[in-house]
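A.B. asks: Fold the following.
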Amino acid sequence: MTRDTWEFGPGNGTVTVHTDVTGPAARTGHRLTIDMEQWSAELTVADGVPVGVAASIDVESLRVVSGEGGVTPLTGPEKAIARGNALKSLNASKAHTITYDATSITATENGFRLDGTLTINNNEHPHPLDVEVSGPDDARQANIETVVSHREFGLKPYSMMMGALKVVDDVRVVITVDLPPAG
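C.D. replies: This next block holds a predicted model:
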């Protein structure tokens, strides 16, 4: 049996978080696009078939890229404030890393299904991921889109104005990784 390990990071992919807002004052809030700039993933392949995935994200690497909506455009100083609020919500001072470990990988029509454990804020929960693999053999890409709940991991979504404006509990996470050529 031939076993290989492929390593991935910011040089060949992105981890992006999209938030939404709710409450009576939701129209005044920004729907954020956040990049996690420091992450790594290791894919174990046996005889050309994926058999394990381990990934890690440095919570402090969170960067607010943009904010849609709101009364006015999101400025640089407001991005810094939003970053600080997001780090507080993620309990970054105590939980520095988000991890994912998949030990079961099943082939699907368009890629793979990962069954693994997601750890955020030092809380572990089973979290399946559907990976769509696309592109020609020499330019393949893995795409994952999933939803993560703040509350499931013991986190409180950011809110202000006594809850009149708050971040929605579920955030959408989009991961894109360039894969090595097939073969």
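
A.B. asks: Could I get the pLDDT score of A95?
C.D. replies: For A95, the model assigns a pLDDT of 95.

A.B. asks: same deal with the one 5 residues further on?
C.D. replies: Predicted confidence (pLDDT) for Y100: 98.

A.B. asks: Could you point out the bridge partners of it in the sheet?
C.D. replies: A55, L118 (DSSP bridges).

A.B. asks: my guess is D20 contacts R31, does it?
C.D. replies: Yes: with contact defined as Cβ atoms under 8 Å, D20 counts as touching R31 (5.3 Å). Glycine gets a C-beta too; all of them are placed from N, C-alpha and C.

A.B. asks: Where does N91 fall, secondary structure wise?
C.D. replies: Using DSSP states H and E, N91 sits within no helix or strand.

A.B. asks: Distance check, it against V49.
C.D. replies: 37 Å (Cβ to Cβ, to the nearest Å).

A.B. asks: Name the SS class of M162, please.
C.D. replies: Secondary structure assignment for M162 (DSSP: H, G, I helix; E, B strand; the rest coil): helix.

A.B. asks: That one: how many residues sit nearby?
C.D. replies: Neighbourhood size, M162 [other Cβ atoms under 10 Å]: 9.

A.B. asks: Centre of the chain to the worst-scoring helix or strand of the chain on mean pLDDT, how far?
C.D. replies: Ranking every helix and strand in the chain by mean pLDDT, DSSP states H and E puts strand 159-160 at the bottom, with a mean of 85. A distance of 22 Å separates the centroid of the chain from that of strand 159-160, by Cα atoms, centre = their mean, to the nearest Å.

A.B. asks: Contacts for it next, please.
C.D. replies: 23, 165-167 (Cβ atoms under 8 Å, 6 or more residues apart in numbering).

A.B. asks: If we use 10 Å, what do you get?
C.D. replies: Applying Cβ atoms under 10 Å, 6 or more residues apart in numbering, the set of residues contacting strand 159-160 from outside is 21-23, 25, 28-29, 85, 89, 165-167.

A.B. asks: out of these, which are inside strands?
C.D. replies: Mapping the contacts of strand 159-160 onto strands (DSSP state E) picks out 21-22, 165-167.

A.B. asks: what would those look like in CSV with distance to M1?
C.D. replies: Converted to CSV, the ones in strands among the contacts of strand 159-160 look like this (distance: Cβ to Cβ, whole Å):
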residue, distance to M1
V21, 50
T22, 50
L165, 55
K166, 51
V167, 46
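
A.B. asks: Most neighbours among the residues you listed, please name it.
C.D. replies: Highest neighbour count within the ones in strands among the contacts of strand 159-160, by other Cβ under 10 Å: V167, with 25 neighbours.
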